[in-house]
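**Student:** Curious how this folds, go ahead:
(3 chains)
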Amino acid sequence: MDEQGRLLQARGVGMPGLPVQGGLQPLNPHQLHEPPSDNGEPRKQDIGDILQQIMTITDQSLDEAQAKKHALNCHRMKPALFNVLCEIKEKTGLSIRSNQEEEPVDPQLMRLDNMLLAEGVAGPEKGGGSAAAAAAAAASGGVSPDNSIEHSDYRNKLSQIRQIYHSELEKYEQGQACNEFTTHVMNLLREQSRTRPISPKEIERMVGIIHRKFSSIQMQLKQSTCEAVMILRSRFLDARRKRRNFSKQATEVLNEYFYSHLSNPYPSEEAKEELAKKCGITVSQVSNWFGNKRIRYKKNIGKFQEEANIYAVKTAVSVTQGTHSGANSPTTPTSAGSSGSFNLSGSGDMFIGMQSLNGDSYPATQVESLRHSMAPGGYGDSISGSQMYSPRELRANGGWQEAATPSSVTSPTEGPGSVHSDTSN
DNA sequence: TGTAATGATTCTTT
DNA sequence: AAAGAATCATTACA
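**Tutor:** Modelled structure (predicted):
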């Protein structure tokens, strides 16, 4: 204020207060008639009051303010005031600093955009949303209803986020509120420019500031939306946290394949796809399952022997009953290890291996029953390749579990007795 | 409630 | 890139 006061004095613009007729409050009535003192104190006071009034214009009602603004604009001293303000501005260095902030498309913003798009938050609404997902889940075989429930729960939550995101974004999107606000500010500035010096550049700069502010709000919005989605994902989609056992039927299908391709339990991509379809799980889940199965089987063959027998019987029965169209069990005929790829020297051979494996922990009766179920009628041929669960056979045929030699592998768990095995032959 | 089973992940190996 | 191996985290069950 002091500075301004001095400037005003310097220019000889000692305004005795804006006139009452202008609509402004009469200031200190005494001052109006008081001759300027030598030290200029009263003048300074006047000026301070005037500026104070200008500042408070905005606090007043619209009509009032309008009237006062008008009065101010028409005041005879206005040009002088304008000049003074110009000078002040010049002196206080309030000029526009050249803003070279070109904002080269923030990479982080791009990442956020991409992620939101990928999560289906930003992009176009996916028609049907949860309904479609549920239908798809149902179509996939009806397995794991839990899964689809959870999935739709996830989708619901996601669409909530999506809604909030869009309604918020709408508020700050360039073009709507932002433009409105910008125009408003521009109008204000234009109007003010009649009273104080405002260059078009300054207006432009202000617009820039507003836009940046709005986009930073948008950025924050996107960031927190991303966060929300991530949290949602981690809560709902982290399979490790929300593990569900596969359905019985799915496990059965997988086991059937596994034990019927025991000599080479590495389903081809197509086989995996087919299994995945059958089981209502993903291909990678099939891969996981086979990975786990192979390693666990190998680690403790004895433990799985019973299971192997069961599936061997199953397969045998299904084959004899012709329940499966293909010669070889459940999946694609192209799968590795299909019947043709290896020959059993004879069912007896197979059982030798099995029995040696069984050791004492598995009742011979089981093996016997299996033998009986298979032997009569010479089923051996028809199931030839499918029943290869003898480690000996396995090793002989490429040995996917070279290390699976019962004697060594099962040792720690000791399990089924020291299976010494078949290597002998 | 403790434990085995099990699906998934991560790191290493091939 | 796929498989093996170790491990994690959850589920199922006695």
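
**Student:** Flag every residue of the stretch 151-300 of chain A that's near DNA strand B.
**Tutor:** The stretch 151-300 of chain A comes close to DNA strand B at residues A:238-240, A:243-246, A:251, A:281, A:284-285, A:288-289, A:291-292, A:296, as judged by C-beta under 7 Å from any atom of the strand. Backbone N, C-alpha and C define where each C-beta goes, glycine included.

**Student:** Now the buried members of those residues.
**Tutor:** Buried members of those, counted by 16 or more other C-beta atoms under 10 Å: A:246, A:281, A:285, A:289.

**Student:** Which of the residues you listed sits closest to DNA strand C?
**Tutor:** Minimum distance to DNA strand C across those is 9.9 Å, recorded for A:Phe246 (C-beta to the nearest atom of the strand).

**Student:** Was I right to think the closest one contacts A:Asn255?
**Tutor:** No. Using C-beta atoms under 8 Å, A:Phe246 is not in contact with A:Asn255, being 10.4 Å away.

**Student:** Please see if the one helix or strand A:Leu254 maps to touches DNA strand C.
**Tutor:** Element membership for A:Leu254, per DSSP states H and E: helix A:248-260. No. Using C-beta under 7 Å from any atom of the strand, helix A:248-260 stays clear of DNA strand C, with a minimum separation of 9.1 Å.

**Student:** Show me what counts as buried in that helix.
**Tutor:** A:250, A:252-260.

**Student:** Check stretch A:168-184 too.
**Tutor:** Using 16+ other C-beta under 10 Å as the test for burial, stretch A:168-184 gives A:168-169, A:172, A:178, A:181-182.

**Student:** rewinding a little: redo the buried ones among the residues of the stretch 151-300 of chain A next to DNA strand B as CSV? Include secondary structure and pLDDT.
**Tutor:** Output for these, formatted as CSV (DSSP: H, G, I helix; E, B strand; the rest coil; pLDDT from 0 to 100):
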residue, secondary structure, pLDDT
A:Phe246, coil, 94
A:Ile281, coil, 92
A:Gln285, helix, 94
A:Trp289, helix, 96
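
**Student:** Could you dump those residues into TSV with distance to DNA strand C added?
**Tutor:** Below are these laid out as TSV (distance: C-beta to the nearest atom of the strand, whole Å):
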residue	distance to DNA strand C
A:Phe246	10
A:Ile281	15
A:Gln285	13
A:Trp289	11
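
**Student:** In terms of pLDDT, where does A:Val319 sit?
**Tutor:** As summarised for this prediction, A:Val319 has a pLDDT of 63.

**Student:** got the angle for the helix or strand hosting A:Arg294 vs helix A:248-260?
**Tutor:** Assigned by DSSP H and E, A:Arg294 belongs to helix A:283-299. Using axes from the mean of the first three to the mean of the last three C-alpha atoms, to 10 degrees, the inter-axis angle of helix A:283-299 relative to helix A:248-260 is 50 degrees.

**Student:** and the helix or strand following helix A:283-299, C-alpha only, in CSV?
**Tutor:** Going down the chain from helix A:283-299, the next helix or strand is helix A:301-321, by DSSP H and E. Output of helix A:301-321 as CSV, limited to C-alpha atoms (Å, rounded to 0.1, in the frame of the first residue of the first chain):
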residue,chain,number,x,y,z
ILE,A,301,4.6,-92.3,-6.7
GLY,A,302,3.5,-94.6,-4.0
LYS,A,303,1.0,-92.1,-2.7
PHE,A,304,-0.6,-91.8,-6.0
GLN,A,305,-0.7,-95.5,-6.8
GLU,A,306,-4.1,-95.9,-5.5
GLU,A,307,-5.3,-93.0,-7.6
ALA,A,308,-3.5,-94.4,-10.6
ASN,A,309,-5.3,-97.7,-10.1
ILE,A,310,-8.6,-96.1,-9.8
TYR,A,311,-8.2,-94.1,-13.0
ALA,A,312,-6.8,-97.1,-14.8
VAL,A,313,-9.9,-99.0,-13.9
LYS,A,314,-12.0,-96.1,-14.9
THR,A,315,-10.4,-95.8,-18.2
ALA,A,316,-10.5,-99.5,-18.8
VAL,A,317,-14.2,-99.6,-18.0
SER,A,318,-15.0,-96.6,-20.2
VAL,A,319,-13.1,-98.1,-23.0
THR,A,320,-14.7,-101.4,-22.8
GLN,A,321,-18.1,-99.8,-22.6
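
**Student:** For helix A:301-321, name the packing helices and strands.
**Tutor:** Of the remaining helices and strands, those touching helix A:301-321 by 3 or more C-beta pairs under 8 Å, 6 or more residues apart in numbering; DSSP states H and E are helix A:248-260, helix A:347-358, helix A:364-374, helix A:379-382, helix A:406-409.

**Student:** before we move on, back to that, output the buried residues of stretch A:168-184 in JSON lines; the columns should cover pLDDT and secondary structure.
**Tutor:** Conversion of the buried residues of stretch A:168-184 to JSON lines gives the following (pLDDT from 0 to 100; DSSP: H, G, I helix; E, B strand; the rest coil):
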{"residue": "A:Glu168", "pLDDT": "84", "secondary structure": "helix"}
{"residue": "A:Leu169", "pLDDT": "81", "secondary structure": "helix"}
{"residue": "A:Tyr172", "pLDDT": "74", "secondary structure": "helix"}
{"residue": "A:Cys178", "pLDDT": "78", "secondary structure": "helix"}
{"residue": "A:Phe181", "pLDDT": "82", "secondary structure": "helix"}
{"residue": "A:Thr182", "pLDDT": "84", "secondary structure": "helix"}
